[in-house]
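Peer 1: sequence unknown, structure follows:
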């Protein structure tokens with residue numbers, strides 16, 4: 001296995017783990033074989049589902065890869081009445097979830113489906129997935145939505161796994177380093193999909209830090225390697241985050257449109273469809289801030305969605321599935337970063353090669369005092 005990030009990739013390019021069926025083994029294998037670091041997403045899968053994908057990926061490549069795990073969400077005290085967190089932030093309540101469910105009744109009728117059960121579990125099978133990853137070690141494991149205990153990180157290190165944890169602020173990055181992770185993923189507000197904030201506080205909505213500012217601040221805060229994530233679509237942007245202090249860049253939306261991606265065809269098309277003109281952070285689909293292309297569902301329900309993850313994610317799951325089956329992009333969670341218009345429909349391996357060439361050209365231009373792509 002590996003004790004250094006540079007041992008895991010030939011090019012400083014990490015394929016972001018995108019949950020919900022996007023980061024399939026074929027995508028991860030293509031990225032790894034091209035010299036990047038491919039990732040599987042264990043989020044929303046069973047432990048056995050994760051294990052089967054790892055087996056499949058190992059049959060497709062002999063190179064290193066990673067698996068991303070969602071941290072369990074805290075149990076909220078006083079859930080039936082609404083409570084207050086340590087920082088004075090309102091915590092989700094059963095009543096708030098019920099109010100939102102009532103608001104979504106029309107959506108359920110329109111798509112001829114039932115709403116999901118909001119109480120379907122808060123830990124995403126965390127302990128069982130960890131047990132699988134310790135019994136069958138993989139080269140890298142990353143964590144989203146919080147920081148694992150020092151014991152968990154040390155146990156992974158003992159079996160040779162390189163660990164990474166997402167942070168969205170310098171303080172979160174410090175917590176990642178103090179817990180003993182090998183690297184921190186600095187996720188800027190430009191990133192598509194869910195923000196990996198360690199604590200979900202409604203009052204912090206809209207206060208996210210842009211990637212370049214975040215990387216610079218995190219570099220001055222921690223000594224561990226930084227992987228920069230958020231809106232990166234071109235090699236020149238990779239050069240920029242490396243110059244700011246990152247060791248590698250993590251790209252998600254850039255790989256979304258590749259043929260190997262498991263994203264729904266409507267999702268891939270929407271990235272460059274002029275009908276979808278911008279992205280926003282919304283709680284409409286999951287109850288946690290996630291960046292996606294603004295569509296009807298987001299406009300109509302985003303302003304009213306409570307801070308209640310994963311309850312809202314469970315609640316809306318059948319709606320999103322039904323919208324996809326009906327070919328209705330206006331009811332789907334079209335996760336995308338701010339650079340989505342720059343998506344290229346290249347095979348994933350070729351995209352890595354193009355990005356690496358752009359990075360080299362940008363680095364050369366910068367060293368000569370010019371500007372690269």
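Peer 2: Yep, that arrived. What you see is a predicted model, and the numbers here were worked out from it, not measured in a lab.
Peer 1: what's the neighbour count on the closest residue to residue 219 other than its chain neighbours?
Peer 2: With sequence-adjacent residues excluded and distances taken as Cβ to Cβ, 6 or more residues apart in numbering, residue 219 is closest to residue 245, at 3.3 Å. C-betas here are computed from N, CA, C, even on glycine. By the measure other Cβ atoms under 10 Å, the count of residues near residue 245 is 17.
Peer 1: Residue 245 against residue 213, yeah?
Peer 2: No: using Cβ atoms under 8 Å, residue 245 is not in contact with residue 213, being 11.5 Å away.
Peer 1: quick one: average confidence on stretch 325-332?
Peer 2: The average pLDDT within stretch 325-332 is 98.
Peer 1: hang on, residue 250 is in a strand, isn't it?
Peer 2: Yes: judged by DSSP: H, G, I helix; E, B strand; the rest coil, residue 250 forms part of a strand.
Peer 1: gap between it and residue 134?
Peer 2: Here residue 250 is placed at a distance of 24 Å from residue 134 (Cβ to Cβ, to the nearest Å).
Peer 1: Could you do residue 62 as well?
Peer 2: 22 Å.
Peer 1: Have a look at the two and say which one is more surrounded.
Peer 2: When neighbours are counted by other Cβ under 10 Å, residue 134 comes out ahead of the other of residue 62 and residue 134, with 15 against 9.
Peer 1: Contacts only, for that one.
Peer 2: 155-156, 159 (Cβ atoms under 8 Å, 6 or more residues apart in numbering).
Peer 1: picking that back up, can you pull the pLDDT of the residue nearest to residue 219?
Peer 2: Value for residue 245, per-residue pLDDT: 97.
Peer 1: can you pull the contacts of it?
Peer 2: Listed by Cβ under 8 Å, 6+ apart, the contact partners of residue 245 are 215-216, 218-219, 226.
Peer 1: Residues in contact with stretch 7-15: which ones?
Peer 2: With contact meaning Cβ under 8 Å, 6+ apart, stretch 7-15 is reached by 2, 23, 27-28, 31, 34-39, 64, 66, 139-140, 162, 227, 229, 238, 242, 246-252, 255, 348, 352, 355-356, 359.
Peer 1: quick one: average pLDDT of that stretch?
Peer 2: Mean predicted confidence for stretch 7-15 is 97.
Peer 1: do the same with stretch 218-235
Peer 2: Here the average pLDDT along stretch 218-235 is 98.
Peer 1: For the protein, list the residue farthest from the centre, please.
Peer 2: Largest separation from the mean C-alpha position in the chain: residue 368, at 35.2 Å (Cα atoms, centre = their mean).
Peer 1: If you count neighbours, what's buried in the helix or strand where residue 355 lies?
Peer 2: Counting by DSSP states H and E, the element that carries residue 355 is helix 348-367. By neighbour count on 16 or more other Cβ atoms under 10 Å, the buried set for helix 348-367 is 348-349, 351-353, 355-356, 358-359, 361-363, 366.
Peer 1: how about residue 65, phi and psi?
Peer 2: phi -160, psi 170 (degrees, to the nearest 10).
Peer 1: State the three-state secondary structure for the residue nearest to it when sequence neighbours are not counted.
Peer 2: Of all residues not flanking residue 65 in the chain, residue 38 sits nearest, at 4.7 Å (Cβ to Cβ, 6+ apart). Three-state assignment for residue 38 (three-state DSSP): strand.
Peer 1: got the contact list for residue 38?
Peer 2: By Cβ under 8 Å, 6+ apart, the contact list for residue 38 reads 15, 27-32, 57, 61, 63, 65-66.
Peer 1: Now intersect these with the strands, please.
Peer 2: 15, 65-66 (DSSP state E).
Peer 1: Just put the contacts of residue 38 in TSV and tack on distance to residue 94 and neighbour count.
Peer 2: Supplementary listing: those in TSV, determined by distance: Cβ to Cβ, whole Å; neighbours: other Cβ atoms under 10 Å:
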residue	distance to residue 94	neighbour count
15	38	30
27	38	26
28	38	31
29	43	23
30	44	25
31	42	30
32	44	28
57	39	23
61	45	17
63	46	20
65	40	24
66	36	25
